[in-house]
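[1] the sequence and its predicted three-dimensional model are supplied below.
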Amino acid sequence: MFYPTRSIRPLLALSTVLVLQLASTAAGQGALLLSDDFSDGDSSDWITFEPGWSETGGIYVSTNTGANVSVEALYAPGLSWTDYTAEVDVRTASGRPTSDLRLHVRNAGNPTGSTAQSFGYCSLFRNNFSQTFLIAGAQGSATTQQQLLPFGWSPNTTYRLRATVSGQTLTCEVVGHLAAYLQITSPLLGPAGTVGLRATHIRGEFDNLVVRSLAPPNQPPTADAGDDQFLAANDACTALATLDGTGSSDPDGDALTYTWESTVSAPLTGPTPTVVLPLGSHELTLTVDDGQGGVDSDQVVVSVEDRTGPEVATAASPAVLWPPNHKLRPVEISVVAADNCTATPSCRITAVSSSEPQGSHGDGSTSPDWVVTGELTLDLRAERSGGSDRTYAVTVTCTDEAGNEASAISEVVVPRSR
């Protein structure tokens, strides 16, 4: 059974030929492609071509101890690994001559069951003279490399075989033994895409199978949605925002795709898209994807602010007070106020002034000269000094919902004569 990760336990087992069917994971230096410690007793992930295989006691065991069996193609559909290393623990209880334990690597495109498909293997082999060899072999290679090991094959001793495929080169090692190292090259090796196990002439035990990629690990990108923005609303009470994700980066140099999402627009793409935003504060999320399984997100807040006051026009009615009889006369100010974001700004009289001081000579010395009676109404005194017109200036201020203000002045005249 395949496991994403399991602790490595001593020992492993197997006999004749088997293949693991498994979906490969993302590559990376040390990135796990395959792991099986045979601890669950379920060997359904393996294809076997000879009888006698079983998961027993947390190891994979081949109990076929007869004469040398023919090697069949090992194939796991859907796998396509390149540049990887496979390791497995091997052990046998027997020191039988002309026997071996093998770790196979296979070309990913081989049909199941073929006897003449490209493969490579690393083997621990014991000859008739009780000598132990490390053997590296590959179809398509002119020779098979073998190395006499300085240690004998000790029954019930665990050895860890390592097969590394890099391009068209296969490297075989016995882990922990520096002298046990061989390389062989074959144009038929890559891309390998599966591993297999084989025991010949002996009971083979295999355990702790691990396959890892040699490729550098994919490092995730870093998303940078740029600085928060504060924009002034235009006449339509919106703002055109230019987003900036150019500060995003990928440590591997992978090309990034950019996706911007918010609640106020459809998703946007690219590092510097533009978007029309309404009044208010809006959070947009940038997600960058390196195409290798690495993603990252960052947020930017764009605030669209109403910074423009209303346009205000006013008129007084009446605009002329006659006769100058020293009485207070009611005046109403009409207002037209237009704002980009506020439909109806609030308006009120905020100031009144006169071209003549109150109680000036010749005006009758009555006061006050004006009284504000409502937001847009007031009483003005119909009087003046003897020799000139009096002009009242009434200031109306309108305020929008953002607090922006604008004012306009209406004049009311008490003429010297008609």
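    Cool, the structure landed.

[2] which residues of the stretch 151-300 of the chain fall in strands?
    159-166, 169-174, 181-185, 192-200, 204-213, 229-232, 238-242, 257-261, 268-269, 274-278, 280-289, 295-305 (DSSP state E, counting those that start in this stretch).

[3] deepest of those strands, which one?
    Greatest average neighbour count among the strands of the stretch 151-300 of the chain goes to strand 192-200 (a mean of 27), per mean count of other C-beta atoms under 10 Å. In this view, the C-beta of every residue, glycine as well, is placed from N, C-alpha and C.

[4] quick revisit: worst mean pLDDT among the strands of the stretch 151-300 of the chain?
    Lowest mean pLDDT of the strands of the stretch 151-300 of the chain: strand 192-200, a mean of 78.

[5] any idea how far that one is from the chain center?
    A distance of 37 Å separates the centroid of the chain from that of strand 192-200, by C-alpha atoms, centre = their mean, to the nearest Å.

[6] that one to strand 159-166, inter-axis angle?
    Interaxial angle of strand 192-200 relative to strand 159-166 (axes from the mean of the first three to the mean of the last three C-alpha atoms, to 10 degrees): 150 degrees.

[7] tilt between strand 192-200 and strand 169-174?
    Going by the same axes, to 10 degrees, strand 192-200 makes 40 degrees with strand 169-174.

[8] now for strand 192-200, which elements pack on it?
    strand 18-20, strand 59-62, strand 84-91, strand 99-107, strand 119-126, strand 204-213 (3 or more C-beta pairs under 8 Å, 6 or more residues apart in numbering; DSSP states H and E).

[9] and that strand, C-alpha only, in PDB?
    Taking C-alpha atoms only, strand 192-200 is exported to PDB below (Å, rounded to 0.1, in the frame of the first residue of the first chain):
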ATOM      1  CA  ALA A 192      12.000   5.800 -16.000                       C
ATOM      2  CA  GLY A 193       8.700   5.800 -14.200                       C
ATOM      3  CA  THR A 194       8.400   2.800 -12.000                       C
ATOM      4  CA  VAL A 195      10.400   0.600  -9.700                       C
ATOM      5  CA  GLY A 196      10.400  -3.100  -9.100                       C
ATOM      6  CA  LEU A 197      11.900  -5.700  -6.800                       C
ATOM      7  CA  ARG A 198      13.300  -9.100  -7.600                       C
ATOM      8  CA  ALA A 199      14.700 -12.100  -5.700                       C
ATOM      9  CA  THR A 200      16.300 -15.000  -7.500                       C
END
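
[10] direction included, what does that strand pair against?
    Its sheet considered, strand 192-200 pairs with strand 18-20 (antiparallel), strand 99-107 (antiparallel) by DSSP bridges.

[11] now the helix or strand following the first one: average pLDDT?
    The C-terminal neighbour of strand 18-20 among helices and strands, as given by DSSP states H and E, is strand 32-36. Per-residue pLDDT over strand 32-36 has a mean of 85.

[12] who are the packing partners of strand 32-36?
    Secondary-structure packing of strand 32-36 (3+ C-beta pairs under 8 Å, 6+ apart): strand 204-213.

[13] rewinding a little: of the helices and strands packed on strand 192-200, which approaches D400 most closely?
    Between D400 and the helices and strands packed on strand 192-200, the tightest spacing by C-beta to C-beta is seen for strand 204-213, at 62.0 Å.

[14] report the angle between the closest one and strand 192-200.
    Put simply, strand 204-213 runs at 160 degrees to strand 192-200, going by the same axes, to 10 degrees.

[15] ok, back up a step: lowest average confidence across the strands paired with strand 192-200, which one?
    Among these, strand 18-20 scores lowest, at a mean of 44.

[16] pLDDT weak spots in the stretch 51-200 of the chain?
    64-80, 95, 107-118, 140-142, 190-193 (pLDDT under 70).

[17] 50 - rerun?
    By pLDDT under 50, the weakly predicted segments of the stretch 51-200 of the chain are 69-75, 77, 111-117.

[18] can you check the stretch 301-418 of the chain too?
    For the stretch 301-418 of the chain (pLDDT under 50), the answer is none.

[19] the residue nearest to the spatial centre of the chain and D244, how far apart?
    Nearest residue to the geometric centre of the chain (C-alpha atoms, centre = their mean): V295, 2.2 Å. Distance from V295 to D244, counting by C-beta to C-beta, to the nearest Å: 19 Å.

[20] can you check P220 too?
    Distance, P220 to D244, by C-beta to C-beta: 21 Å.

[21] could you do W322 as well?
    In terms of C-beta to C-beta, W322 sits 65 Å off from D244.

[22] who's more crowded, these two?
    Ranked by neighbour count (other C-beta atoms under 10 Å), W322 and D244 place D244 first, with 17 against 13.

[23] identify the residue spatially nearest to the more buried one, adjacent ones excluded.
    Excluding the flanking residues, the one nearest D244 by C-beta to C-beta, 6 or more residues apart in numbering is G226, at 3.8 Å.

[24] repeat that for V264.
    Excluding its sequence neighbours, the residue lying closest to V264 (C-beta to C-beta, 6+ apart) is H282, at 5.5 Å.

[25] assign a three-state SS to R416, would you?
    With DSSP: H, G, I helix; E, B strand; the rest coil as the basis, R416 sits in coil.

[26] now for it: which residues touch it?
    Listed by C-beta atoms under 8 Å, 6 or more residues apart in numbering, the contact partners of R416 are R384, G387, S388, D389.

[27] domain-wise, how is this protein divided?
    Following the assignment in automatic domain parsing, the chain carries domains at 18-213, 229-305, 311-414.

[28] tell me which of those domains is the most buried.
    A comparison of these by mean neighbour count, using mean count of other C-beta under 10 Å, puts domain 18-213 on top with a mean of 19.

[29] report the distance from that domain to the chain centre.
    That offset, for domain 18-213, works out to 38 Å (C-alpha atoms, centre = their mean).

[30] now swap in stretch 385-393 and tell me
    Computed by C-alpha atoms, centre = their mean, the chain-centroid distance of stretch 385-393 equals 75 Å.

[31] T342 touches E405, doesn't it?
    No. Applying C-beta atoms under 8 Å as the test, T342 and E405 come out as separate, 11.6 Å apart.

[32] which residues are common contacts for the two?
    P310.
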